[in-house]
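Chemist: Next input, structure requested:
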Amino acid sequence: LVDFTQELVKYKTDESLPRNPNYRDMALIRENYTCELCGTHKTFTDKNNVEYFEGHHLIMYNISVQSRFKYCLDHPDNIMCLCPNCHREIHHSSIQHTKDLLIKLFTKHNGLIKEFGIKSLDEIINDYTK
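Modeler: Model prediction:
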């Protein structure tokens, strides 16, 4: 994991943080291009002739959240493979449903909690429901 403590001073609070597209690709390959929430939604074949899926940072990756963590959250272990439908669902459904989806992903990736030093799952869930 990369120590990100000093990196944040380079960014203004309204700027987005850089993302490494290779990390997203690593997460999609890790999951064999299968949605980690539903496992069933068909998407489409992209220009590289692979099934289209999206990378989703389970622990949100923005300046506000990143500032609470020592290590960079743009990491393959924090990126989930989701179909476009489930990706929208996790961001736009009811608070309770979003919470249920997050718990499902955190349960699957329970090492994430220890790896990034998460003290409370509720803290991360609250980032989604603000």
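Chemist: Spatially central, which residue of the protein would that be?
Modeler: In the chain, the residue lying closest to the centroid (CA atoms, centre = their mean) is His57, at 1.3 Å.
Chemist: So for that one, what's the pLDDT?
Modeler: Looking at His57, its pLDDT stands at 95.
Chemist: what sits opposite it in the beta ladder?
Modeler: Ile79 (DSSP bridges).
Chemist: need the contact list for it.
Modeler: Taking CB atoms under 8 Å, 6 or more residues apart in numbering, we find His57 in contact with Leu73, Asp74, Asn78, Ile79, Met80. Where you see a C-beta, it was placed from the backbone N, CA and C, and this is true even at glycine.
Chemist: What is the neighbour count of Leu37?
Modeler: By the criterion of other CB atoms under 10 Å, Leu37 has 20 neighbours.
Chemist: The residue nearest to the centre of the chain and Cys72, how far apart?
Modeler: His57 sits 11 Å away from Cys72, going by CB to CB, to the nearest Å.
Chemist: ok, then the element right after the helix or strand of the chain with the lowest mean pLDDT?
Modeler: Lowest on mean pLDDT, DSSP states H and E among the helices and strands of the chain sits helix 111-115, with a mean of 72. Next helix or strand after helix 111-115 toward the C-terminus (DSSP states H and E): helix 121-128.
Chemist: helices or strands up against that next one?
Modeler: Helix 121-128 is packed against helix 95-108, with contacts defined by 3 or more CB pairs under 8 Å, 6 or more residues apart in numbering; DSSP states H and E.
Chemist: In the helix it packs on, which residues are buried?
Modeler: Applying a neighbour-count criterion of 16 or more other CB atoms under 10 Å, one finds Thr98, Lys99, Leu101, Leu102, Leu105, Phe106 buried in helix 95-108.
Chemist: okay if I get the residues you listed as JSON lines plus pLDDT and distance to Thr34?
Modeler: Formatted as JSON lines, these follow (pLDDT from 0 to 100; distance: CB to CB, whole Å):
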{"residue": "Thr98", "pLDDT": "93", "distance to Thr34": "21"}
{"residue": "Lys99", "pLDDT": "92", "distance to Thr34": "23"}
{"residue": "Leu101", "pLDDT": "95", "distance to Thr34": "16"}
{"residue": "Leu102", "pLDDT": "93", "distance to Thr34": "19"}
{"residue": "Leu105", "pLDDT": "93", "distance to Thr34": "13"}
{"residue": "Phe106", "pLDDT": "89", "distance to Thr34": "18"}
